Structures are given as C-alpha cells and as structure tokens.
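S.K.: please find the sequence and the predicted model below.
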Amino acid sequence: MPSKIWTKIHLRHGVDLEPSRRNECGRENCTNVSQLRMALTRSGAAPLDVEISGFDMDMAREIVKERHRWATLSLTTQQWDHQLLQWLLTETQLPIPVESVVLDGVYHRDYIQRWLSLAQPVNLDLKRPNELVGFTAPSWSARLRVLELHEPAVPFHIPEILAIVAPRLTHLSISHVQLQLELMPASIAFPNLLELWLVNINAWWQFESPNLRKFTLYPTHGLPKTTRLSYPKLKQITFRAEKSAIPSGSLLAPALESLNVQRVTAAQWGSCPLVIPGWFQSPSNMHLYQLWIDECSIPYKELLESLHLLRHLRALCISDTQLPVSFFRALGTTQSLRYGTICPDLLTIFVDFSFCKGNMVKETFVAAFVDIAKAREEKLAQLRVCWPVKWRTAPAEFV
C-alpha cells in the first residue's frame with residue numbers, strides 16, 4: 001500500500017506547537033532542515049500548503065527551491081528573523097501566482113507588499129493585522145476573489161480597501177470590527193459577491209450585493225428603522241441577534257430558501273407581529289424551505305403565526321430553544337381551527353432538547369411527538385428528537 005502524501009508543511013524552527021495542534025493530522029511539522037527535506041520528498045510533486053512560524057537559513061533555502069509548488073503560504077507568528085523572511089520573499093519574487101495567502105498577526109512591510117503584488121493571491125486571509133495602509137494600493141489584488149479580515153488593530157483603511165477590491169470579490173468575511181461610521185460611504189457595491197460573512201461588525205447595511213447567495217450576519221448594532229435591503233438572489237441567511245434587532249420589513253429576499261436564526265429574544269421582536277416573516281417585505285411570496293431556530297427565546301404563539309405563513313417549509317430544526325408542549329401539540333394537529341395545518345409539506349423535523357433548562361413533563365412531550373409522527377406520517381420522512389440529558393434514557397417510543 002503506498003504511503004500517504006502529506007502536502008501541508010509547517011516550518012516551526014524554535015516554535016512550540018499549541019496543544020490543540022500537536023496531534024493535527026495531515027501536516028508535516030518540521031523543526032530542522034532534515035525533517036523538511038524528508039517532508040518535501042514525501043510530498044512528491046503535489047502543490048504545497050506552506051505555513052511558516054519559525055525557520056533558519058537552511059530551511060529557507062530548501063523551501064525556496066519548491067516555490068513553484070506553493071499553493072498556500074501562511075505567515076503565522078512573529079518568531080522569525082525579519083531579515084531572513086525578507087530574504088525568503090525576495091528570493092521568491094518571481095511572477096509565480098500563489099492561490100492563497102494567510103498573514104496572522106504580521107506587521108505589514110514593504111517587502112511583503114512587493115511579494116503580494118507578484119504572488120497575486122486569489123484568496124487573502126488577514127488575521128489580526130496591525131495596520132492596513134499597505135493594502136490600499138491596488139497592485140496586489142488583480143486576481144483577488146476571496147478576502148477575509150479578522151480583528152484588525154486599526155480599522156481606518158477598511159472602506160478604502162473594500163472600494164478597491166469590491167468589483168472582483170465573490171466572497172467577503174469581516175469579523176470583530178467597529179468601523180467609524182462617519183468614514184463609511186453611503187454604500188459599497190459588490191456586483192459579483194456570492195457569500196458575505198459579517199461577524200461582530202457595526203456597519204453592515206452599506207453592503208449592496210445584488211447577486212448575493214449566502215449571508216451570515218452577527219451585528220453589534222440594530223438596523224436603522226428606515227433601512228430597506230434588497231437581495232433578489234439570496235438563498236441562505238444565518239442571523240444572530242444577540243446584540244441587535246432587525247426592524248419589520250427591512251429585507252427583500254424573495255428567493256430565500258434557508259434561514260438560521262440564533263440567540264433571538266422576545267424583547268428583540270419589538271412591535272413585529274410575525275416573528276420571522278415579519279423581517280421580510282413580502283413574506284407571503286417567500287418559498288422558504290428550511291428554518292433553523294437556535295438558542296432563541298421566542299413567544300410560541302407568534303412563532304406559530306410565523307410558521308402558518310411558511311407554507312412551503314420542508315425542514316424545521318429547533319435547538320436549545322425552550323418552547324411549551326402546546327407548540328408541539330399544534331404541530332401534531334392537522335386541522336387546527338386557527339391555523340389549519342401548519343407547514344403541511346414538512347419532510348424533516350429535528351428538535352434538540354439536550355440542554356434545555358425548563359421543567360419538561362416527560363409524558364406530555366412524548367405524547368406530543370407521537371401525535372406529530374401520526375399526523376404527518378404521509379409526508380414526514382424524518383422525525384428526530386434529542387431528549388433532555390437529565391432524562392438519562394430516551395423514551396421507549398423513540399429508541
């Protein structure tokens with residue numbers, strides 16, 4: 001049987017691995033040039049993912065020989081000699097494109113800028129950058145399609161960078177950033193953006209993305225009440241409302257198919273009469289197929305009203321969300337006088353009670369789910385329930 005080919009090579013001369021990475025599979029950890037040579041031999045001619053935490057001149061010379069195979073280059077700590085790193089990147093300043101570049105906590109320097117301009121990465125991941133002024137020049141981003149920016153020490157140049165790369169980006173991820181709103185333009189157009197991740201950021205409504213397909217949003221501030229956002233091709237939203245709220249009728253997403261709602265409390269609904277569809281400008285025209293409710297505290301009657309509007313729903317998933325047995329009884333009633341059949345086309349129901357803190361009477365909840373299974377047996381393909389850990393054993397009806 002042929003030996004496995006490792007293509008992830010970590011140069012860590014003089015650097016101790018974090019405990020979580022000591023048993024990481026699929027990576028050659030090289031602390032000296034002999035180990036590096038063996039790793040390169042084992043990798044054959046395959047493209048390499050190279051991570052540099054620490055290295056010496058012998059290791060630098062060896063890895064430079066393989067620069068034509070670099071697919072990813074990650075600079076992950078400051079525990080290397082900058083003169084040595086400058087030599088390494090200067091030696092590789094040839095027009096050999098590198099697919100992905102990761103800079104983690106690295107001070108931006110002129111020689112890194114020059115190298116990026118030659119490498120022309122398609123994917124750039126900036127983790128904890130100390131300053132961003134070096135990225136305001138357009139020379140490094142001609143091929144850029146994916147930009148990830150996490151925890152910048154100084155966020156002043158982010159609007160300028162986004163304006164440069166916006167026309168080309170297909171994926172954008174920004175996290176843990178508090179932008180100065182007075183420096184933000186009224187809007188930034190991303191005509192080709194397909195996926196957008198905004199986590200702990202305060203200025204997300206300025207992003208115009210008509211072709212957006214997937215949107216993950218953990219905002220630190222609520223939307224202004226006058227905001228109206230249109231994402232005509234959006235298929236999936238993940239929204240965490242822990243620190244913010246969305247006013248009623250803020251979003252227009254007629255093509256939405258999947259919605260994941262996390263950490264929403266009753267107080268955040270405000271005057272919105274319909275918990276989930278109420279966010280959207282045309283809820284009756286939505287064809288939402290999957291709804292996931294996670295760690296929420298939602299008035300169950302309003303949730304039932306919402307589900308009554310979601311006639312096309314195929315999958316309902318609820319986790320770590322305390323709801324009374326009355327809610328689940330309603331799901332098991334085919335001809336409710338008030339609602340009719342709630343979500344008549346459901347194919348999958350998943351409910352996770354594992355760590356719910358409320359006082360749940362075992363017999364009544366089990367009976368409610370037995371009724372759901374009977375009432376929906378013609379269409380329901382999967383009914384999965386994770387019962388409270390404190391019950392110790394699952395009910396006999398669901399073993």
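M.R.: Received the coordinates, thanks. Everything numeric in this text was worked out from a predicted model, so none of it was measured. Numbering: from 1, shown residues only.

S.K.: what about the closest residue to residue 280 other than its chain neighbours, how many neighbours?
M.R.: Once flanking residues are discounted, residue 280 sits nearest to residue 251: 5.2 Å by Cβ to Cβ, 6 or more residues apart in numbering. All C-beta spots, glycine's among them, are computed from the backbone N, C-alpha and C. Applying other Cβ atoms under 10 Å, we find 22 residues neighbouring residue 251.

S.K.: tell me where the stretch 251-399 of the chain has strands.
M.R.: Assigned by DSSP state E, counting those that start in this stretch, the stretch 251-399 of the chain shows strands spanning 251-252, 258-262, 290-294, 315-319, 348-352, 382-386.

S.K.: adding distance to residue 86 and mean pLDDT, write these out as a markdown table.
M.R.: Putting the strands of the stretch 251-399 of the chain into a markdown table (distance: least, Cβ to Cβ, whole Å; pLDDT from 0 to 100) gives the following:
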| stretch | distance to residue 86 | mean pLDDT |
| --- | --- | --- |
| strand 251-252 | 48 | 80 |
| strand 258-262 | 44 | 90 |
| strand 290-294 | 47 | 93 |
| strand 315-319 | 50 | 95 |
| strand 348-352 | 52 | 95 |
| strand 382-386 | 54 | 93 |
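
S.K.: of all those strands, which one is nearest residue 11?
M.R.: Ranking the strands of the stretch 251-399 of the chain by their distance to residue 11 (criterion: Cβ to Cβ) puts strand 258-262 first, at 38.4 Å.

S.K.: could you say what helices and strands that closest one packs with?
M.R.: Here strand 258-262 touches strand 236-240, strand 290-294, going by 3 or more Cβ pairs under 8 Å, 6 or more residues apart in numbering; DSSP states H and E.

S.K.: the residue nearest to residue 280 contacts residue 231, correct?
M.R.: Yes - counting by Cβ atoms under 8 Å, residue 251 touches residue 231, with 7.1 Å between them.

S.K.: separation between residue 290 and residue 308?
M.R.: 17 Å (Cβ to Cβ, to the nearest Å).

S.K.: how many other residues sit next to residue 234?
M.R.: Using other Cβ under 10 Å, residue 234 is surrounded by 24 other residues.

S.K.: helix, strand or coil for it?
M.R.: Following DSSP: H, G, I helix; E, B strand; the rest coil, residue 234 is assigned to coil.

S.K.: what's the local residue count around the closest residue in space to it that isn't next to it in sequence?
M.R.: Nearest non-adjacent residue to residue 234, counting by Cβ to Cβ, 6+ apart: residue 253, 4.4 Å away. Residues lying near residue 253 (other Cβ under 10 Å) number 24.

S.K.: where in the stretch 151-300 of the chain is pLDDT low?
M.R.: Residue ranges of the stretch 151-300 of the chain with pLDDT under 70: 203-205, 222-227, 242-248, 266-279, 281-285.

S.K.: one step back: is it possible to export the helices and strands packed on strand 258-262 to a markdown table including mean neighbour count?
M.R.: Formatted as a markdown table, the helices and strands packed on strand 258-262 follow (neighbours: other Cβ atoms under 10 Å):
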| stretch | mean neighbour count |
| --- | --- |
| strand 236-240 | 19 |
| strand 290-294 | 19 |
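
S.K.: ok so, going back, can you tell me how far the residue nearest to residue 280 is from residue 125?
M.R.: From residue 251 across to residue 125, the span is 29 Å (Cβ to Cβ).

S.K.: the stretch 51-200 of the chain: strands as residue ranges?
M.R.: Remark: strands assigned in the stretch 51-200 of the chain by DSSP E, counting those that start in this stretch are 70-75, 100-104, 123-127, 146-150, 171-177, 188-189, 195-201.

S.K.: give me the sheet partners of the last one and which way each runs.
M.R.: It stands for strand 195-201. According to DSSP bridges, strand 195-201 forms sheet pairs with strand 171-177 (parallel), strand 214-219 (parallel).

S.K.: now the element after that strand, going C-ward?
M.R.: Note on strand 195-201: by DSSP states H and E, the next helix or strand toward the C-terminus is strand 207-208.

S.K.: roughly how far apart are residue 394 and residue 230?
M.R.: In terms of Cβ to Cβ, residue 394 sits 46 Å off from residue 230.

S.K.: revised request: answer the last question for residue 181.
M.R.: 21 Å.

S.K.: again with residue 136
M.R.: Separation of residue 136 from residue 230 (Cβ to Cβ) stands at 30 Å.

S.K.: same question, residue 115
M.R.: Relative to residue 230, and taking Cβ to Cβ, residue 115 is found at 40 Å.

S.K.: who has more neighbours out of the two?
M.R.: residue 115 (21 against 13).

S.K.: excluding sequence neighbours, find me the nearest residue to that one.
M.R.: Of all residues not flanking residue 115 in the chain, residue 89 sits nearest, at 4.2 Å (Cβ to Cβ, 6+ apart).

S.K.: the one you found reaches residue 109, doesn't it?
M.R.: No - between residue 89 and residue 109 there is no contact under Cβ under 8 Å: 9.3 Å.
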